[in-house]
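K.L.:
build the 3D model from these lines:
(one chain, ligands or ions: 2)
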Amino acid sequence: MQFVSTRGQAPALGFSDAVLTGLATDGGLYLPQQWPQLSHAEIAALAGKPYAHVAFDIISRFVGGDIPDAALRRIVEDAYATFRHPSVTPILELEPGHFLLELFHGPTLAFKDVAMQFLSRVMDHILAERGVRATIIGATSGDTGSAAIEAFRGRETTDIFILHPEGRTSPIQRLQMTTVMDENVHNIAIRGTFDDCQSIVKVLFNNHDFRDRVRLSGVNSINWGRIVAQIVYYFTAAVSLGSPHRKMSFTVPTGNFGDIFAGYCAKRMGLPVERLIIATNANDILRRTLETGRYEMAGVTPTTSPSMDIEVSSNFERLLFESAGRDPQMLRQMMESLKQSGGFTLPPSALAAIRAGFAAGTADEEATGRTIARTHADAGYLLDPHTAVGVHVAGAARAAQVPMITLATAHPAKFPAAVAAATGIEPTLPAWLSDLAQRPERLSVLDNDQKLVEEFILARTRA
Ligand SMILES: Cc1ncc(COP(=O)(O)O)c(C=O)c1O
Ligand SMILES: N[C@@H](CCOP(=O)(O)O)C(=O)O
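P.N.:
Ligands and ions are numbered 1, 2, ... in the order given. The predicted structure is shown next:
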């Protein structure tokens, strides 16, 4: 199995190299050259299997022999043993025909753990085999950072540098990152937005001298190793409700487009998916794009679902590549226009292809709060604000006969202020995090300047 860059000017790589490389050297994102296919019989056979078994089945189709089966099996078993629910990603019926896929039973209470617990072990395995170290960099609006730090803390093969926008995460998200004292963990608060953090990460990847010097690797969903692990729960959820004999729709609270793109991958691999619904908060660039055919930046507004306060939705590039006939030149033009003028127009055929498989909706702050309150009153269930965006949008998008699965992407206790404002109930953190606010913090605050981050990393990395 080889992976190709969306921009067509970087070498095709095998699984291990694609995972270590993160962002392609031409600035593009890696995608498999072909989509592995599962027959209906193979999908049906996944029903009732343990999560780690399904994870091995799906992920091994992309690994192409780069990692021996026994090692890959051990990696997925260890990764999913860190989850506190026996099903790893359980599903429950919120109202007739509308299901919640709970993705927050991992160590940091957000869906990012599902991929990050896998990715850290895979990277560790590859680096140890090669006898080298790597410098990991990541940008976070809150959840990726805490999940990555938890997954990589104390690992001998890596130093990890996480950039978050100063003051724009929830206090608990910040504490989950900044109270980790392992020597290989470095937190940087950037005076800017998440998009600024993500832009610094991409600029550093495009600085080839720096990248080679520190052996730079990434943990954002620009890394194929993240997406591949997120494909798995689309299969487990769908088969638990009767796939492949029934079609499902999924609603996904969306920011960087990684999670919903994993659903698209599952569909390309043969899972019968009716529709993928993009749920955005007030930062609704993706909904506007589907409506108008123009991706146009308008500025980021802080919301109660801060992890989705994103305008440069990285993985949309992967969908554009697929929908525009895998034409790297077209992708380069669109991405150049985004960089130069803050927008681009989708080719009509790509827009039509996207509209055929996706729909989009928005929950503003009022609708988000109302959904948290109503779901608590009607079902006795506390939604986190990101999941509430999904539940609101799913409500409007649901069609009779087709089950709707909304991805519950975070535990409500990560966002107690928003939940309390809507319901009067402050959700409590689980025991292993209950003293979080009493733990000492360590972080460095830097201006939004890529040079400062580069110097910071050079002074501290051991790669
Ligand atoms: C809780 C939560 N929900 C939804 C999202 C959006 O996911 P994605 O960036 O993959 O679109 C994020 C951040 O990524 C998140 O942390
Ligand atoms: N919402 C994310 C932003 C980064 O997304 P990623 O999936 O590309 O890592 C976060 O919580 O940090």
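K.L.:
which strands and helices sit next to the helix or strand hosting F118?
P.N.:
Assigned by DSSP states H and E, F118 belongs to helix 112-130. Helices and strands touching helix 112-130, by 3 or more C-beta pairs under 8 Å, 6 or more residues apart in numbering; DSSP states H and E, are helix 15-21, helix 69-81, strand 134-139, helix 143-152, strand 158-165, helix 224-240. In short, each C-beta sits where N, CA and C put it, glycine included.
K.L.:
would you mark the buried spots in the second one?
P.N.:
In other words, helix 69-81. Across helix 69-81, burial judged by 16 or more other C-beta atoms under 10 Å covers L72, R73, R74, I75, V76, E77, A79, Y80.
K.L.:
what packs against that helix?
P.N.:
Contacts defined by 3+ C-beta pairs under 8 Å, 6+ apart place helix 69-81 against helix 51-63, helix 112-130.
K.L.:
and ligand 1, which of the ones you listed is closest to it?
P.N.:
For the helices and strands packed on helix 69-81, the distance to ligand 1 is smallest for helix 112-130, at 6.3 Å, taking C-beta to the nearest ligand atom.
K.L.:
thinking again about what came up before, and the helices and strands packed on helix 112-130 as a markdown table, adding distance to I43 and mean pLDDT?
P.N.:
Shown next, in a markdown table, are the helices and strands packed on helix 112-130 (distance: least, C-beta to C-beta, whole Å; pLDDT from 0 to 100):
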| stretch | distance to I43 | mean pLDDT |
| --- | --- | --- |
| helix 15-21 | 22 | 97 |
| helix 69-81 | 18 | 98 |
| strand 134-139 | 33 | 97 |
| helix 143-152 | 28 | 98 |
| strand 158-165 | 35 | 98 |
| helix 224-240 | 6 | 98 |
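K.L.:
quick one: the ones you listed as CSV, columns for distance to A399 too.
P.N.:
CSV is the format used below for the helices and strands packed on helix 112-130 (distance: least, C-beta to C-beta, whole Å):
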stretch, distance to A399
helix 15-21, 37
helix 69-81, 32
strand 134-139, 36
helix 143-152, 30
strand 158-165, 37
helix 224-240, 16
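K.L.:
neighbours of the residue of the stretch 101-250 of the chain found nearest ligand 1, how many?
P.N.:
Residue nearest to ligand 1 within the stretch 101-250 of the chain: D143 (3.3 Å; C-beta to the nearest ligand atom). Per other C-beta atoms under 10 Å, the neighbour tally for D143 reads 29.
K.L.:
contacting residues around it?
P.N.:
D143 sits next to T108, A110, F111, K112, Q173, S307, T409, A410, K414 when contact means C-beta atoms under 8 Å, 6 or more residues apart in numbering.
K.L.:
any chance of the buried residues of helix 69-81 in JSON lines, plus distance to I285?
P.N.:
JSON lines is the format used below for these (distance: C-beta to C-beta, whole Å):
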{"residue": "L72", "distance to I285": "37"}
{"residue": "R73", "distance to I285": "40"}
{"residue": "R74", "distance to I285": "41"}
{"residue": "I75", "distance to I285": "35"}
{"residue": "V76", "distance to I285": "34"}
{"residue": "E77", "distance to I285": "39"}
{"residue": "A79", "distance to I285": "32"}
{"residue": "Y80", "distance to I285": "34"}
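K.L.:
near ligand 1, list only the ones from those.
P.N.:
Checked against ligand 1 using C-beta under 6 Å from any ligand atom, the buried residues of helix 69-81 give no members in range.
K.L.:
re the thing from before, so for the helix holding F118, mean pLDDT?
P.N.:
Across helix 112-130, the average pLDDT comes to 98.
K.L.:
buried sites along that helix?
P.N.:
By neighbour count on 16+ other C-beta under 10 Å, the buried set for helix 112-130 is 112-127.
K.L.:
and the helices and strands packed on helix 69-81: which comes nearest ligand 2?
P.N.:
Taking these one by one with C-beta to the nearest ligand atom, helix 112-130 is closest: 6.3 Å.
K.L.:
can I get that closest one in CSV, CA atoms only?
P.N.:
C-alpha atoms of helix 112-130 as CSV (Å, rounded to 0.1, in the frame of the first residue of the first chain):
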residue,chain,number,x,y,z
LYS,A,112,-9.0,12.2,20.0
ASP,A,113,-7.9,9.4,22.4
VAL,A,114,-9.1,6.8,19.9
ALA,A,115,-6.5,7.7,17.3
MET,A,116,-3.9,9.1,19.6
GLN,A,117,-3.5,6.0,21.8
PHE,A,118,-2.9,4.1,18.5
LEU,A,119,-0.7,6.6,16.9
SER,A,120,1.7,7.0,19.8
ARG,A,121,2.3,3.2,19.9
VAL,A,122,2.7,2.9,16.2
MET,A,123,5.2,5.8,16.1
ASP,A,124,7.1,4.4,19.1
HIS,A,125,7.3,1.0,17.3
ILE,A,126,8.5,2.4,14.0
LEU,A,127,11.1,4.8,15.7
ALA,A,128,12.4,2.0,18.0
GLU,A,129,12.8,-0.3,15.0
ARG,A,130,14.8,2.3,13.2
